[in-house]
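K.L.:
how does the following fold in three dimensions:
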Amino acid sequence: MSQIRYSKHARVRMIERGISHTEVKNVINKGAKRLQDRKIVSAYSYFEVVYRKAGEKIYVITVKPRW
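P.N.:
So this is what the prediction gives:
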């Protein structure tokens with residue numbers, strides 16, 4: 001699996017919303033993906049993960065509810 005890095009904003013949102021690193025990995029791996037500008041939005045379960053991919057690294061920008 002790729003190395004995952006989190007922005008400060010994403011870490012704060014994860015804490016606020018009670019979302020674990022394991023859940024974020026599941027969303028990235030299993031979620032339905034769509035492109036938004038040059039970012040990838042992956043939706044699975046009750047939230048979405050917005051991230052960018054650079055080579056083998058994944059940079060998580062934010063984590064937000066789906067509704």
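
K.L.:
wait, isn't residue 6 in contact with residue 57?
P.N.:
No: Residue 6 lies out of contact with residue 57 (CB atoms under 8 Å); the separation is 11.5 Å. All C-beta atoms are positioned from the backbone trio N, CA, C, and that covers glycine.

K.L.:
and the helix or strand where residue 62 lies, what's buried?
P.N.:
Applying DSSP states H and E as the criterion places residue 62 in strand 57-65. Residues of strand 57-65 classed as buried: 58, 59, 60, 61, 62, 63 (neighbour count, 16 or more other CB atoms under 10 Å).

K.L.:
do stretch 28-42 as well
P.N.:
In stretch 28-42, counting by 16+ other CB under 10 Å, buried: 28, 31, 40, 41, 42.

K.L.:
and the residues you listed, which of them are in strands?
P.N.:
40, 41, 42 (DSSP state E).

K.L.:
residue 10 and residue 64 touch, don't they?
P.N.:
No: the pair residue 10 and residue 64 does not pass the contact test of CB under 8 Å, sitting 9.7 Å apart.

K.L.:
where exactly do the helices run in the protein?
P.N.:
8-17, 21-30 (DSSP state H).

K.L.:
single out the most deeply packed of those helices.
P.N.:
helix 21-30 (a mean of 16; mean count of other CB atoms under 10 Å).

K.L.:
now it against helix 8-17, angle please.
P.N.:
110 degrees (axes from the mean of the first three to the mean of the last three CA atoms, to 10 degrees).

K.L.:
got the contact list for helix 21-30?
P.N.:
1, 4, 6, 14, 42-45, 47-49, 51, 58, 60, 63 (CB atoms under 8 Å, 6 or more residues apart in numbering).

K.L.:
for stretch 48-62, same thing?
P.N.:
Applying CB under 8 Å, 6+ apart, the set of residues contacting stretch 48-62 is 2-7, 9-10, 13, 24, 27-28, 31, 36, 38-42, 63-66.

K.L.:
for the record, mean pLDDT for it?
P.N.:
When pLDDT is averaged over stretch 48-62, the result is 96.

K.L.:
quick revisit: would you turn the buried residues of stretch 28-42 into a markdown table with pLDDT and distance to residue 18?
P.N.:
Putting those into a markdown table (pLDDT from 0 to 100; distance: CB to CB, whole Å) gives the following:
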| residue | pLDDT | distance to residue 18 |
| --- | --- | --- |
| 28 | 97 | 18 |
| 31 | 97 | 18 |
| 40 | 98 | 23 |
| 41 | 98 | 20 |
| 42 | 98 | 18 |
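
K.L.:
that's all I had, so thanks and see you.
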